[in-house]
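In: how does the following fold in three dimensions:
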Amino acid sequence: MGESLGTEKLSATIPKGLANQIRERAGRGNVSAYVTHALLRQLEHDRLGDLVGELEQIHGPISDDEVASARAEWP
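Out: Alright, predicted model coming up:
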């Protein structure tokens, strides 16, 4: 997230408790970087969901057996 990419200030309203947790975790001077990182992770998650949806349209839904097999291979 360098200056060369440009930045834009956004405003979001979040619960006070969540804001406090973010400040504690990130430190007051690093909240923007912390939130940016979280938003990037969410976009990646959303895109993976989109990909799964596209693949299910092409190949059909993922069966419970396929999910169980994949989980068994995951460390």
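
In: against residue 49, how distant is the residue nearest to the spatial centre of the chain?
Out: Central residue of the chain (Cα atoms, centre = their mean): residue 42, 1.7 Å from the mean position. Using Cβ to Cβ, to the nearest Å, residue 42 is found at 11 Å from residue 49. Using the backbone N, CA and C atoms, a C-beta is placed for each residue, glycine as well.

In: ok, residue 70 next?
Out: For residue 70, the distance to residue 49 - Cβ to Cβ - is 16 Å.

In: likewise residue 64?
Out: 19 Å.

In: got it, and residue 6?
Out: Residue 6 is 28 Å from residue 49, by Cβ to Cβ.

In: so those two - more neighbours on which side?
Out: The neighbour count for residue 6 versus residue 49, taken as other Cβ atoms under 10 Å, is higher for residue 49 (10 against 7).

In: what residue in the chain is the furthest from its centre?
Out: Outermost residue of the chain (Cα atoms, centre = their mean): residue 65, 26.8 Å.

In: which helix or strand contains it?
Out: helix 64-73 (DSSP states H and E).

In: same check on residue 12?
Out: Using DSSP H and E, no helix or strand contains residue 12.

In: please look at residue 62 and residue 56 and confirm they touch.
Out: Yes. Between residue 62 and residue 56 there is a contact under Cβ atoms under 8 Å: 6.6 Å.
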